[in-house]
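**Student:** sequence unknown, structure follows:
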């Protein structure tokens, strides 16, 4: 679907539907039709479930129907039983009324007793079976929901960092928890309820038409009124539901964001202001929910007003027909009724009320369906985003030995008017350490992001052994490149699990070895629980420098041919940094290491130093080459050495 | 196990305490509860009226029984109406009663009492099959026993009340979360907090309604129906007695399950919050996830957690089914017996067909009320589980001012830390008796190996952590007595890992000093070396930054954080490794700027880089929770075999 917007273009419109209604009647139906594909994976379960419900339903109906007839005919009126009824109830031939016109009171009570007994048995068997079937249904629906949730997460993880920097975590949580749950209502909204209701309605119309065609017309006359009501209410309801979902998702985001930044809020005494923001947004969300539900409630109340009026009028009409004992159409002669009487009145009322009641439930479902549709629409909003970085149709996995990486005239920009990289070209060979240096914002991190395919370049290419990186699948590229990040994230698990994060299958020995390379083994082994030390809230608090070493160990453990260190040593003291770097140099003899750093002392042993400035390669070469050139690198080094020399001078004096 | 934590197991006694506390939470909304209460009682009245028009039409119009000749007399209250109707022809009676029914439809949305003939004003929307998605309805819960105009009013009063309470307490919970000690929060507890604020707080309204409103509504409905049965069928007490029996059955059937239900419901909530937490953590750290190629890992984790939450929900559902089954045996037997008795009355001609309908109507109402009333206790167990999670956070120790907190006087001369000790939560000591004086007009540098306790020491000053022993003083006055707000007002803290808000640059800089002028902001940005790149942004200072400032490089973010600290214009400026991601030139500018800033401030800087430290007036070298050397650069360099000196020499060698 190439017509879909890419994740970047849609940023502005995600979750800001506001007051416009993107759906129409036709689109709602289309949305539902599309959603039915979500049910495909569970179709066998659905079929089995349907079978189960059918068996229970048919068995119930087959027994209940004759019992009901026997109850009204024999118990209430005293007519003899039919043969079927008698055998069902296990009663003898004397109840068949041979020779008797009517059953005696005692016999009638016997029949009543038997009916209650059989009814009780039916309940005893059917209730647990129906419960079991319902449990099964819930399991199926949860499966559908689960699959959708995981698919949404998969999609979110495929979307580029650019999408994520513009979207809110709380919104994603809301979409995955609340919006996605609407998928479980699909079957109800689409199949079971409307079909059953429509059946009941049509049966009602047909039945009432037999008694009096004018009353059937009355029933049909309700249609246009309901339709008009539905037509004019659907849009405001949809707008309301969407706004309610968006504002509640904003509240979710607010909590998530504020608690993520709690340190700054506390340090700057911003708690009150933040609480005020929250208060305002929470109120907005409740107001929006109220508005949506108010429209929904009014719609439902109005639907009943129509229903009730039809009811009262038809009831009055039928009563007056019964008073005058108006003749019935000849068709009904076979039922034994020739004219309106109490029985006909009751029969009519039952069918009519059921016919109108069915209509009412169809429109209630329709109103509910608007909410379901908005939820699903928000799910598809996310699922339909075209990931900025994705596998080409003929993508192959990146495998085998890698001997070199070449950056070729690389251009990249985050935003149209702000170039981040402009024509970067250089090469790195296996066994080499390439250092990227340059001022803040010069594009160093961006450059290595392209190597990980966190983004794809707009122009130029990254080539591995001559092949464009875009020819390879994203997953395989990230599999073969490891990175230790500038801002590292450790999860609330043990140190061992954290180091193993990117390669869960690694052995304990490998974990220890990686920790040793990262110079993290000393402090880890000094902890009481060593590698089993829990990190996070109730666990040990590590300093930034310690966390950085764990994240280096994590990257080392991944054991990839390419390793990127994005200033992971910034918080290490010089002695530790020197140890880490010499360990890495030894470990990386048959690999490619990219090192981003501001500490020029750490890069002098690099095989190639690339100096970046404003997205361009200013110069590159080895330390001594660059020092002899007396240009950008030399200036940077002099700057730092000058500072240190002054410090050393201070030491000497 | 993740999240904010929680003790497990809820005793019966504790359950009562939880519910009692929820009840007390209704106090601020007393007036509105009275309104809802009255409306709920009013909404029972139509039930008294509704069966009569139907009965009168059947008996006196359709069946043509003359008024006065029906088997049972009409109640006293209807005598006037019946006398009036007695003068009418059957058609006239029908006409009048249809009119009455139309009025009833408009006012209370019902023609009769059967399912198709009446309506309830509500706004229940579809929800999924897990705790979280169910709570949307709970947070906006409203139900009237009538419909039509009365029902709409009743519904409106109730939904607004529900929302108001939920709004009130989720705001309170949020404020409470913000006041928790800073060290409480870690990545994995944020999703849990989201779950508690959004999905656990509705348990409060659920609990309150089940204690305050529903017992009286169901009790009222049951009493009313029982009274009607006793009045109209005085010779057959079996019907109202059966109602009482059913109530007892539905109460007793739940009883053996109540403890189990509480636990399972708590489990379901915990699993739901786990799923939210793993989702939150994975998305919040998406850069790390994508960079490390850990998408599958995160997906598996969420898959597992999400399914666990679904499964727990089914567990709760299964208990509910168990309760129904247990109650069904005696319940169905009793109902069968009642039905048999009613049939007997019809068969032996004791009551008319219309009376039978009346009997059925009231009996059904009684049964519904009895089941609802009897089931209240078991439903309350679900609320107890949510309440426990809410109150748990409400009761966590939070940053509180001492009872007689004073306002911290403006710092004039120096911040002193005296003999401060602090232990990490796992018991390892972080600080072992540290003395430090940071003077206004000076730059104090804290130096030392990773894990030496530098950040913890700095955290003591704004009381992000409280010392286990020792004092933190402003001008020799202990700050432990000062209110947190007045203390922190004087401090600007720039953290090691920068945190920016999804707002504009300007708003981000202003967070600590809302009244700052444009010029102040600009100056602070210039000092921090941020002005140039800010102005190059599409909308300059008014460019939105996106989530976590994600559109900026780490170095740029760090410079914004420093600028933010400078905008605060506080007497104490603490910077925790502010320069680690800066290039040497920016760093040098910053160091110069700190010098200038220190003229009117006490500046404390934690750093590794020699170039940042060198200029400090006082350098404290920390190792293993102690300051082992202090002095200025020259003094410390003069120490033979000094720790600082070897630290400097290592850097100089590697850089030279």
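**Tutor:** It's in. For clarity, every value in this text was computed on a predicted model and none was experimentally measured.
**Student:** residue B:602 contacts residue B:575, doesn't it?
**Tutor:** No: with the criterion set as CB atoms under 8 Å, residue B:602 and residue B:575 do not qualify as a contacting pair; they are 11.9 Å apart. For glycine as for every other residue, the C-beta is placed from the backbone atoms N, C-alpha and C.
**Student:** what's around residue B:568, how many residues?
**Tutor:** Applying other CB atoms under 10 Å in any protein chain shown, we find 27 residues neighbouring residue B:568.
**Student:** need the contact list for it.
**Tutor:** Residue B:568 sits next to A:268, B:492, B:512-513 when contact means CB atoms under 8 Å, 6 or more residues apart in numbering or on different chains.
**Student:** residues near residue A:473, how many?
**Tutor:** Close neighbours of residue A:473, defined as other CB under 10 Å, add up to 16.
**Student:** what about it, distance to residue A:461?
**Tutor:** Applying CB to CB, to the nearest Å, one obtains 16 Å for the distance of residue A:473 from residue A:461.
**Student:** for residue A:509, same thing?
**Tutor:** Residue A:509 sits 39 Å away from residue A:461, going by CB to CB.
**Student:** these two: who's more crowded?
**Tutor:** Set side by side, residue A:509 and residue A:461 show more neighbours around residue A:461, with 17 against 8, by other CB under 10 Å.
**Student:** got phi/psi on that one?
**Tutor:** Backbone geometry at residue A:461, expressed as degrees, to the nearest 10, gives phi -160, psi 160.
**Student:** would you mind listing what in the stretch 301-450 of chain A touches chain B?
**Tutor:** Residues of the stretch 301-450 of chain A lying close to chain B by CB under 8 Å from any CB of the partner chain are A:301, A:304-305, A:307-309, A:311-313, A:315-316, A:319-320, A:322-323, A:341-342, A:345, A:353-354, A:356-357, A:360, A:368, A:371-372, A:414-415, A:417-418, A:438-441, A:445-446.
**Student:** for the stretch 351-500 of chain A, what spans make up the strands?
**Tutor:** Assignment of strands within the stretch 351-500 of chain A using DSSP state E, counting those that start in this stretch yields the ranges A:404-415, A:418-429, A:433-437, A:459-464, A:467-468, A:481-484.
**Student:** what's the burial count for the nearest residue to residue A:534 once chain neighbours are set aside?
**Tutor:** If you skip the residues right next to it in sequence, residue A:534 has residue A:494 as its closest partner in space, 5.7 Å away by CB to CB, 6 or more residues apart in numbering or on different chains. Using other CB under 10 Å, residue A:494 has 18 other residues around it.
**Student:** for residue A:494, which residues are in contact?
**Tutor:** When the contact criterion is CB under 8 Å, 6+ apart, the partners of residue A:494 are A:529, A:531-535.
**Student:** okay if I get these as CSV plus neighbour count, secondary structure and pLDDT?
**Tutor:** Listed next are the contacts of residue A:494 as CSV, based on neighbours: other CB atoms under 10 Å in any protein chain shown; DSSP: H, G, I helix; E, B strand; the rest coil; pLDDT from 0 to 100:
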residue, neighbour count, secondary structure, pLDDT
A:529, 14, coil, 76
A:531, 19, helix, 80
A:532, 12, helix, 78
A:533, 17, coil, 77
A:534, 16, strand, 73
A:535, 23, strand, 73
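**Student:** for the stretch 51-200 of chain A, which residues score under the pLDDT cut-off?
**Tutor:** Within the stretch 51-200 of chain A, the segments meeting pLDDT under 70 span A:77, A:97-101.
**Student:** and residue 406, bridged to which residues?
**Tutor:** I'll assume chain A. Judged by DSSP bridges, the bridge partners of residue A:406 are residue A:427, residue A:463.
**Student:** switch to chain B, that's the one I care about
**Tutor:** Under the criterion used here (DSSP bridges), residue B:406 is bridged to residue B:482.
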